[in-house]
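1. dropping the sequence and predicted coords here.
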Amino acid sequence: MWARSLAVAIVAVAITNQAAAPPEADSHWLEVSREQAFDSLLPVRAHRGHFVAYRSHRDLYQDVPEQYLRVERDSGRPTTGDAFVATLVAPVGRSIQRQLLDLHRSRPDAPSSQCSPTWRSGRTTVHSTACGSLKANLDALSRVTIAIPRRDIIALHPNVHRFVIDLGTMNMDVTLFDDQSPLVRWAAKVMVAVERCAA
């Protein structure tokens with residue numbers, strides 16, 4: 001009798017493992033398609049007027065909302081001198097990665113280029129002339145340092161922080177995995193400043 005129960009349990013486990021295969025395939029699809037979706041929805045690529053772009057997401061885990069900050073020079077107001085416009089974008093409800101997975105599961109045969117979601121997001125924009133703390137934080141960027149980590153440090157499914165910065169005298173495209181990096185902490189301060197000025 002116990003042998004029969006064992007056989008039933010083995011069959012149940014096999015069926016369960018077969019049912020678990022699609023999520024693994026979905027995760028692989030997301031791994032391949034995520035960067036294209038991010039570049040479309042949360043672009044960090046430099047263009048004319050670009051100053052700083054910052055984007056973060058969690059590796060492997062899709063339940064963590066992404067963060068996005070873009071700061072651009074305001075060329076439309078030459079009389080204001082060194083003026084900037086800062087924009088925050090954040091998903092509302094589920095993360096962008098989760099929204100992408102949901103769309104892919106509903107249309108598994110669609111190419112990734114057709115899976116850009118009509119996603120729910122919040123967008124906040126402020127101008128440096130109306131936000132003194134934003135201007136102060138932007139001025140502080142030149143004092144931020146980046147330390148090269150030791151080679152023997154392993155980051156297991158970290159938050160991925162990507163920065164593209166153009167100071168005129170320096171262009172930088174860097175990805176960091178340390179939440180306590182001075183540059184990551186700087187971005188957090190800028191985002192708080194933008195939110196408070198917009199409130």
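-> On my side now, so go ahead. Residues are numbered from 1 along each chain as shown.
2. which regions of the protein sit below the pLDDT cut-off?
-> Screening the chain residue by residue with the criterion pLDDT under 70, one finds the ranges 1-22, 77-81, 111-120.
3. so which residues of it form helices?
-> In chain order, the chain shows helices spanning 2-41, 96-106, 132-140, 182-198, with DSSP state H as the criterion.
4. which outside residues touch the third one?
-> Counting by CB atoms under 8 Å, 6 or more residues apart in numbering, helix 132-140 makes contact with 51-52, 71, 84, 86, 126, 128, 186, 189-190, 193-194, 196-197, all of which sit outside it. (C-beta placed from N, C-alpha, C; glycine too.)
5. a markdown table for the residues you listed, including neighbour count and distance to Asp109?
-> Formatted as a markdown table, the contacts of helix 132-140 follow (neighbours: other CB atoms under 10 Å; distance: CB to CB, whole Å):
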| residue | neighbour count | distance to Asp109 |
| --- | --- | --- |
| Phe51 | 20 | 41 |
| Val52 | 24 | 39 |
| Val71 | 23 | 39 |
| Phe84 | 20 | 44 |
| Ala86 | 26 | 40 |
| Val126 | 20 | 42 |
| Ser128 | 26 | 47 |
| Trp186 | 19 | 43 |
| Lys189 | 14 | 44 |
| Val190 | 23 | 41 |
| Ala193 | 21 | 45 |
| Val194 | 22 | 40 |
| Arg196 | 12 | 46 |
| Cys197 | 17 | 45 |
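6. for those residues, which one is nearest Ser33?
-> Sorting those by distance to Ser33 puts Val52 at the head of the list, at 25.9 Å, by CB to CB.
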